[in-house]
Structure formats: C-alpha cells, structure tokens
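J.: Below are the sequence and a predicted model; questions follow.
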Amino acid sequence: METEANKLYVGNLPYSMTDESLAELFTSFGEVTEAKVISDKFSGRSKGFGFVTMADEKMAEKAIAEMNGKEVEGRAIVVNVSRPKEPRPNRY
C-alpha cells in the first residue's frame, strides 16, 4: 500500500472551515499545493474533514508534528499522513 507522505488527512475540523481557511492554517509550514474540505454531495455541508497537500515531505512532517491535536475553533484537530481509501464491503 503506497502513501503520499506529503498528503495529509485533517480530521475533526469545524464545520465552518473552507478550502481557503484550511490552506491558510497550513501555510506557516511551507507551500500548500492543495487544500480540500470534504463536503456532503447532497447537502453541501462539510463532513468535518479534509486533505492538505504540502509541497514536500519535510513540510508535511513539520505540519503533522505541530498541528496534530491543536485546537481550532474549539475542536482538537487530527492531522496525519493520508492513507488510500479502503474499499467498502458490499452489503448486498
């Protein structure tokens, strides 16, 4: 299973978080190449997590070390290296 060491999963985000504000949170650690808050495809409401891609691995490691557990708008966010989506079991 291959991972992109510079792509980060960011969980427990405040529902008010946007792609732009998520990118802003991580710019102090280096260049953010992409930031995406995942939203429900029907309601458009944030699902409370997203992904941030840093320009390189060292920046990503620093961001994990400093941001994991940090409080953002009253919520302790979770930051770690993103893992590929696991296939969901077929329930039928």
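T.: On my side now, so go ahead.
J.: in the chain, which spans are strands?
T.: 7-11, 32-39, 46-54, 71-72, 75-76, 78-81 (DSSP state E).
J.: how big is the angle separating the first one from strand 46-54?
T.: With axes from the mean of the first three to the mean of the last three C-alpha atoms, to 10 degrees applied, the angle from strand 7-11 to strand 46-54 works out at 150 degrees.
J.: Please apply the same query to the second one.
T.: Strand 32-39 and strand 46-54 are oriented at 170 degrees to each other (the same axes, to 10 degrees).
J.: For Asp19, give its distance to Lys58.
T.: The spacing between Asp19 and Lys58, counted by C-beta to C-beta, to the nearest Å, is 23 Å. For the C-beta atoms, the positions are set from N, CA and C on the backbone; glycine is no exception.
J.: now do Glu4
T.: As judged by C-beta to C-beta, Glu4 and Lys58 stand 14 Å apart.
J.: Kindly report the same for Lys70.
T.: Distance from Lys70 to Lys58, by C-beta to C-beta: 19 Å.
J.: Can you measure across stretch 37-44, start residue to end residue?
T.: End-to-end distance of stretch 37-44 (C-alpha to C-alpha, to the nearest Å): 11 Å.
J.: and what of stretch 34-54?
T.: First-to-last residue span, stretch 34-54, C-alpha to C-alpha: 7 Å.
J.: If you tally nearby residues, what's the number for the closest residue in space to Met59 that isn't next to it in sequence?
T.: In this structure, Met59 finds its nearest non-sequential neighbour in Gly30, 3.3 Å apart by C-beta to C-beta, 6 or more residues apart in numbering. Number of residues near Gly30 (other C-beta atoms under 10 Å) recorded here: 16.
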